[in-house]
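[1] Here is my input; please provide its structure:
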Amino acid sequence: MKNTTLFSGFQMNWLAVLAGVFCLSLAGGVSAEEKSKPCADDAAKLCKGVQPGQGGMMKCLKEHQSDVSPACKENMEKMKEKVKEFKEACKGDKEKLCKDVKAGGGKIIQCLKQHEGELSAACKEEMAQSKGMKK
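    Next up, the predicted model:
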């Protein structure tokens with residue numbers, strides 16, 4: 001049972017990290033290029049004043065899911081799948097290298113970055129793809 005709780009915390013941590021990356025482009029004052037992203041207009045309209053990071057923007061969009069555009073809903077589903085892939089690819093690395101790190105506040109990501117040279121190929125690939133999402 002304890003393992004399930006840790007796993008849920010691990011999953012929530014990855015969701016927060018990826019949601020933060022996803023939502024960086026959704027803050028007010030985004031460029032025209034960023035506004036073309038699927039949820040930017042929805043976030044600007046539905047989540048005014050919500051600061052990106054720690055999953056706040058994603059939480060807001062989920063709360064307003066019935067009001068978001070079809071493109072945003074599709075993008076949110078893609079993010080869920082990405083979280084699942086990331087979690088699966090890095091689960092062993094997290095358990096091996098960061099087993100004593102409490103999830104939250106990006107601590108697991110920081111730990112994995114500190115051990116970048118020791119990560120499995122699959123986890124390294126997911127970390128590289130996540131970095132690419134920030135651009």
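[2] For Glu125, which non-adjacent residue is closest in space?
    Ala89 (6.9 Å; Cβ to Cβ, 6 or more residues apart in numbering). C-betas here are computed from N, CA, C, even on glycine.
[3] Report the secondary structure element holding that neighbour.
    Assigned by DSSP states H and E, Ala89 belongs to helix 70-97.
[4] Is there a neighbour count for Leu61? I'd like the number.
    A count of nearby residues for Leu61, using other Cβ atoms under 10 Å, gives 26.
[5] Also Lys59?
    Lys59, neighbours per other Cβ under 10 Å, totals 16.
[6] Next: Gly105.
    Neighbour count for Gly105, taken as other Cβ under 10 Å: 11.
[7] Now for it: which residues touch it?
    Counting by Cβ atoms under 8 Å, 6 or more residues apart in numbering, Gly105 makes contact with Gln54.
[8] ok, now how distant is it from Gly53?
    Noted for Gly105: a distance of 10 Å to Gly53, by Cβ to Cβ, to the nearest Å.
[9] And the pLDDT for Gly105?
    At Gly105, the model reports a pLDDT of 76.
[10] again with Lys102
    In the prediction, the pLDDT value recorded for Lys102 is 88.
[11] so it is in which element?
    Assigned by DSSP H and E, Lys102 falls within no helix or strand.
[12] sorry, back to before: what residues are up against the residue nearest to Glu125?
    Going by Cβ under 8 Å, 6+ apart, Ala89 touches Ser120, Ala122, Cys123, Glu125, Glu126.
[13] one step back: by how many degrees do the helix or strand following the helix holding Ala89 and helix 70-97 diverge?
    Using DSSP H and E, the helix or strand that directly follows helix 70-97 along the chain is helix 107-114. Angle between the axes of helix 107-114 and helix 70-97 is 60 degrees (criterion: axes from the mean of the first three to the mean of the last three Cα atoms, to 10 degrees).
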